[in-house]
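Colleague: sequence and predicted structure are below.
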Amino acid sequence: MYSLAHPVTSLLEIRKSRFLGCVEPIADRASAQLRVAALRAEHPDCAHVCWALLAGGHSAAVDDGEPAGTAGRPMLDVLRHQQLDGVLASVVRYYGGIKLGAGGLVRAYTDAVAQALLQADKIAHIPTLVVWCELPYAHEGIARHLLSQAGGELLEVRHAVTVQLRLRLPATAVGELREQLLSATRGELDWRLLDQ
């Protein structure tokens, strides 16, 4: 499986309609939905913002008002064919006044994603997991340091009777980080894997 090093865009013009394609690395469905909302805000006059997602075993194919199966599903098929994971494909369409028909729409959305992928740098996909942990205040600094060393990301911090952290980290680093924190806290650690 592969992911992408960074976002890549394409622009197609077909019978006066413009299709702005983008493929980009994305961690999960919630992040994808935020990105799509941002695209809608950036392009308030567009006709459609169609998208497809493959991330951590989750997939989505959204036609956003185009005839069913003419946008999201073909875009998702391109991602699957390229063996991608952790990737969002989106296409912003500005309607040019000429109907393309179902076949024309499938080709346009497929080509917008495929053209962007031609320019993309593929990298090995490393699955990530989201973890919730709770530990004494005295160990927050070491937890942050070890998380950084493991290549993880701090998603949320809550300060209550203890420090509660929500983390995203490479699946390969989960076991080692847990062991390091158990050792550092002398067993005063609550650790749970969360559904993404």
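Modeller: Good, I have the coordinates.
Colleague: C-alpha only now, for contacts and for neighbours.
Modeller: Fine.
Colleague: what sits against the residue positioned nearest the centre of the chain?
Modeller: In the chain, the centroid-proximal residue (C-alpha atoms, centre = their mean) is residue 26; its distance is 2.0 Å. In this structure, residue 26 makes contact with 32, 55, 86-88, judged by C-alpha atoms under 8 Å, 6 or more residues apart in numbering.
Colleague: what's the pLDDT at it?
Modeller: On pLDDT, residue 26 comes in at 90.
Colleague: what's the spacing between it and residue 3?
Modeller: Between residue 26 and residue 3 the distance, using C-alpha to C-alpha, to the nearest Å, works out to 9 Å.
Colleague: for the chain, which segments count as strands?
Modeller: Under the criterion DSSP state E, strands of the chain are mapped to 2-4, 8-14, 17-25, 48-55, 58-62, 87-94, 122-124, 128-135, 153-159, 163-170, 190-194.
Colleague: for the residue nearest to the centre of the chain, phi and psi?
Modeller: Torsion angles at residue 26 (phi, psi; degrees, to the nearest 10) stand at phi -150, psi 140.
Colleague: for the helix or strand of the chain with the lowest mean pLDDT, which strands pair with it and how are they oriented?
Modeller: Of all helical and strand segments in the chain, the minimum by mean pLDDT, DSSP states H and E falls on strand 122-124, at a mean of 83. Each strand that strand 122-124 pairs with, and the sense of that pairing, follows from DSSP bridges: strand 2-4 (antiparallel).
Colleague: contacts for the partner strand, please.
Modeller: Taking C-alpha under 8 Å, 6+ apart as the criterion, the residues outside strand 2-4 that touch it are 24-25, 83-87, 120-125.
Colleague: dump the strands of the chain to a markdown table, plus mean neighbour count and distance to residue 107.
Modeller: Formatted as a markdown table, the entries for the strands of the chain read as follows, by neighbours: other C-alpha atoms under 10 Å; distance: least, C-alpha to C-alpha, whole Å:
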| stretch | mean neighbour count | distance to residue 107 |
| --- | --- | --- |
| strand 2-4 | 22 | 23 |
| strand 8-14 | 17 | 10 |
| strand 17-25 | 23 | 11 |
| strand 48-55 | 26 | 14 |
| strand 58-62 | 17 | 16 |
| strand 87-94 | 27 | 13 |
| strand 122-124 | 14 | 23 |
| strand 128-135 | 20 | 33 |
| strand 153-159 | 13 | 38 |
| strand 163-170 | 20 | 36 |
| strand 190-194 | 14 | 38 |
